[in-house]
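**Q** generate coordinates for the sequence data below:
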Amino acid sequence: MQFQGEWFVLGLAGNTYKREHRTLLSPYIALFELKNNSYFQVTNTMTRGKRCDAWSYALIPTTKPGQFTVENKGERTGADREDVQVIETDYTTFALVLSLRQTSSLTIIRVNLLGRKWRLPHKPIDRFVCLARTQNLTKNNFIFPDVTGNGFAALGLDT
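**A** Next comes the predicted model:
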């Protein structure tokens with residue numbers, strides 16, 4: 001229940017992200033709402049030009065705390081399985097979330113850095129980088145939304 005509410009997506013790392021994708025990511029917000037006391041409805045909203053894009057999915061808890069499977073309503077039967085794990089959070093400042101989606105040909109890895117505010121202290125950012133590196137992701141796999149003054153330039157990861 002503590003995870004509910006608004007989170008700002010401050011960083012992404014993934015094995016399908018490339019340097020050229022950085023210009024496509026606008027700052028966006030993920031809203032986590034506990035539904036029927038049994039699953040989280042996650043709604044993401046991002047401004048692109050003059051329009052607002054929104055997409056959502058359900059996080060269904062597994063038997064292990066902090067672990068979920070993704071349910072995308074309206075997707076075809078036999079859609080790729082996606083597992084999500086909250087690796088670390090203090091619920092009030094930051095969260096590190098790991099997503100693994102198995103396709104027929106590869107495992108798609110995504111690491112999300114979430115914050116309750118647009119700025120974070122360096123310790124959660126360092127933990128995000130470390131977690132991504134343990135997933136064999138390189139500097140070229142990191143993307144950050146273009147938020148002026150976010151402090152990521154000092155890491156050398158946003159260039």
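
**Q** so which helix or strand takes in the spatially most central residue of the chain?
**A** The centroid of the chain falls nearest to residue 112 when counting by C-alpha atoms, centre = their mean (3.1 Å). Using DSSP states H and E, residue 112 sits within strand 107-115.

**Q** after that strand, next one along is what?
**A** Using DSSP H and E, the helix or strand that follows strand 107-115 towards the C-terminus is helix 122-134.

**Q** average pLDDT for that following helix, rounded please.
**A** Here helix 122-134 scores 96 as its mean pLDDT.

**Q** tell me which strands and helices whichever helix or strand comes after it is in contact with?
**A** Counting by DSSP H and E, the element after helix 122-134 in chain order, helix or strand, is strand 142-143. For strand 142-143, the packing partners by 3 or more C-beta pairs under 8 Å, 6 or more residues apart in numbering; DSSP states H and E come out as strand 5-14. Every residue, glycine included, has its C-beta placed from N, CA and C.

**Q** which other residues reach the very next helix or strand once past the strand it packs on?
**A** Per DSSP H and E, the first helix or strand lying C-terminal to strand 5-14 is strand 28-35. With contact meaning C-beta atoms under 8 Å, 6 or more residues apart in numbering, strand 28-35 is reached by 1, 3-9, 40-47, 58-59, 114, 145.

**Q** report the buried members of those residues.
**A** 3, 7-9, 40-42, 46, 58-59, 114, 145 (16 or more other C-beta atoms under 10 Å).

**Q** could you measure from the residue nearest to the centre of the chain over to residue 38?
**A** 23 Å (C-beta to C-beta, to the nearest Å).

**Q** list the contacts of residue 27.
**A** With contacts defined as C-beta under 8 Å, 6+ apart, residue 27 is in contact with 8-9, 46-47, 118, 145-147.

**Q** tell me what the strand holding residue 112 is packed against?
**A** Judged by 3+ C-beta pairs under 8 Å, 6+ apart, strand 107-115 is in contact with strand 5-14, strand 94-102, helix 122-134.

**Q** tabulate those (a markdown table), appending distance to residue 67.
**A** Below are those laid out as a markdown table (distance: least, C-beta to C-beta, whole Å):
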| stretch | distance to residue 67 |
| --- | --- |
| strand 5-14 | 18 |
| strand 94-102 | 10 |
| helix 122-134 | 15 |
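
**Q** among the ones you listed, which is nearest residue 71?
**A** Smallest distance to residue 71 across the helices and strands packed on strand 107-115 (C-beta to C-beta): 12.8 Å, for strand 94-102.
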